[in-house]
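Peer 1: predicted model and sequence below, questions to follow.
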Amino acid sequence: MPVAASPTNRPSARRPVWRAARSLLVGLLIGAGSALFLAPELLGLAESMPFTQVVAFRPAAAVGLFVLAGLTVLVRRRWWPAALVVGAVAGVALGVVLPRAVAGPAPPAGPELTVLSFNVFQGRADVGALAAEIHRSRPDLVVLPEAGQRFQRRLAPLLADLGYRSSVTTAADEPDVDGIAVFTSARLGDVSTAPLELGFKFRWMRLTGGGLGGVEVVAVHTAAPVPNMLTAWATELGTLRQWCADGQGAHIVVGDVNATLDHTPLRSAVEGCTDAAADRGQGLVATWPTSWPRWFGVQIDHVFISGGLRPASAEVLDLPGSDHRALLTRIVLPPK
């Protein structure tokens, strides 16, 4: 005669279902938190503290969450619903950022312009090491945010044998941190330089003519996204739109923009430009800070190009004395 199931056994039968539901609920909550962390722009928080700073680390955070989801399943298999949700959120974020680590098709061969950009950290960078790199790579154009006349006077004699000409945006009595110094090679000939009077904290510079032909170069250094400068930061990034908009000709926008491609204001402003490092598969290599590993910091130094220009190569360089890494970019110019 069959024995009826004891009522006391029924809760035990339902326990696995309850555990799975609880794990899924926890996963949804963690997934929502992860989505807020990885994509605050979905809720209009991308330009608010602290999300402006947090989103800059989206690539490293996405990798970390994806690994965490895998480890969770290995440690507690019954937590797979939570791990699945977190892994899915991280996977979507990885799908957004990983293309920057994959080089696109190489551009056709043609005349090239080599640009070296390096934030020299309030003029404290090692001028000897910088001069040695310039002698090695022979860039046509050197853009140095946070370099004023003091840094210019220290570097120029070390490049005298190469025939570089230099200009700076600041006066002799102004600190290096407020300036941008630009060095142009003799190969470019008589390039015209002019500070851009935009009312920003850091004065930008426009370069035209000479060997640049129809290409206009804009050397930039934006405000940082800190609490008392968020509005200025977003406004200055928006200014880049005038050089990246379709139909505006060939431009190179180069310097320290204090933003990554994960920041909505920067992405929208440079929509018509190509980020040289990302195009060449170097878009996840950190340029700041140098005290952190290259894979964990953020890339806030950029070379944006438009109007038929194509990046042939991009290389992130470690030079001593600065909290930034340098960016060496070779750009293929359109046929004349």
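Peer 2: Cool, got the structure.

Peer 1: alpha carbons only for contacts and neighbour counts from here, please
Peer 2: Fine.

Peer 1: for A269, give me phi and psi.
Peer 2: phi -70, psi -30 (degrees, to the nearest 10).

Peer 1: can you check V143 too?
Peer 2: Given degrees, to the nearest 10, the pair of backbone angles that V143 has is phi -110, psi 120.

Peer 1: and it, what are its bridge partners?
Peer 2: Note on V143: beta-bridge partners by DSSP bridges are S117, V182.

Peer 1: let me know the pLDDT of it.
Peer 2: Note on V143: pLDDT of 98.

Peer 1: so this protein: which segments form each domain?
Peer 2: As given by automatic domain parsing, the domain ranges for the chain are 7-100, 110-332.

Peer 1: list of residues touching stretch 88-106?
Peer 2: With contacts defined as CA atoms under 8 Å, 6 or more residues apart in numbering, stretch 88-106 is touched by 31, 34-35, 38, 58-59, 62-63, 65-66, 277-284, 312.

Peer 1: for the residue lying closest to L159 once chain neighbours are set aside, give its distance to A326.
Peer 2: Excluding the flanking residues, the one nearest L159 by CA to CA, 6 or more residues apart in numbering is A131, at 6.6 Å. Remark: distance between A131 and A326 (CA to CA, to the nearest Å) = 13 Å.

Peer 1: ok so, going back, contacts for the stretch of helix or strand the residue nearest to L159 belongs to?
Peer 2: Assigned by DSSP states H and E, A131 belongs to helix 127-137. Contact with helix 127-137 is made by R154, L155, L158, L159, L162, L319, P320, as judged by CA under 8 Å, 6+ apart.

Peer 1: swap in 7 Å and give it another go.
Peer 2: R154, L155, L158, L159, L319, P320 (CA atoms under 7 Å, 6 or more residues apart in numbering).

Peer 1: just the domains of the chain: most buried one?
Peer 2: Mean neighbour count (mean count of other CA atoms under 10 Å) peaks for domain 110-332 among these, with a mean of 20.

Peer 1: gap between that domain and the chain center?
Peer 2: In terms of CA atoms, centre = their mean, to the nearest Å, the centre of domain 110-332 is found 12 Å from the chain centre.

Peer 1: first to last residue in it, what's the distance?
Peer 2: In domain 110-332, first residue to last residue: 6 Å (CA to CA).

Peer 1: could I get the full set of strands for this structure?
Peer 2: Secondary structure of the chain (DSSP state E): strands at 112-117, 141-145, 165-168, 180-184, 192-196, 204-208, 216-221, 251-256, 274-275, 301-305, 310-317, 326-332.

Peer 1: thinking again about what came up before, which of the domains of the chain has the lowest average pLDDT?
Peer 2: Among these, domain 7-100 carries the lowest mean pLDDT, at a mean of 73.

Peer 1: coming back round to it: so the helix holding A131 versus strand 326-332, what angle?
Peer 2: 20 degrees (axes from the mean of the first three to the mean of the last three CA atoms, to 10 degrees).

Peer 1: tilt between helix 127-137 and strand 112-117?
Peer 2: Interaxial angle of helix 127-137 relative to strand 112-117 (the same axes, to 10 degrees): 170 degrees.

Peer 1: a markdown table for the strands of the chain, including distance to C244?
Peer 2: Output for these, formatted as a markdown table (distance: least, CA to CA, whole Å):
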| stretch | distance to C244 |
| --- | --- |
| strand 112-117 | 18 |
| strand 141-145 | 19 |
| strand 165-168 | 24 |
| strand 180-184 | 21 |
| strand 192-196 | 17 |
| strand 204-208 | 15 |
| strand 216-221 | 11 |
| strand 251-256 | 7 |
| strand 274-275 | 9 |
| strand 301-305 | 8 |
| strand 310-317 | 14 |
| strand 326-332 | 16 |
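
Peer 1: out of those strands, flag the one nearest V85.
Peer 2: When the strands of the chain are compared by CA to CA, strand 274-275 sits nearest V85, at 31.9 Å.

Peer 1: circling back to that earlier point, could you list the alpha-carbon positions for the helix holding A131 in CSV?
Peer 2: Output in CSV follows, covering the C-alpha atoms of helix 127-137 (Å, rounded to 0.1, in the frame of the first residue of the first chain):
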residue,chain,number,x,y,z
VAL,A,127,62.8,67.4,-21.1
GLY,A,128,65.8,65.1,-21.9
ALA,A,129,63.7,62.1,-22.3
LEU,A,130,61.1,64.0,-24.4
ALA,A,131,63.9,65.4,-26.6
ALA,A,132,65.3,61.9,-27.1
GLU,A,133,61.9,60.6,-28.2
ILE,A,134,61.5,63.5,-30.6
HIS,A,135,64.9,62.7,-32.1
ARG,A,136,63.8,59.0,-32.4
SER,A,137,60.4,59.4,-33.9
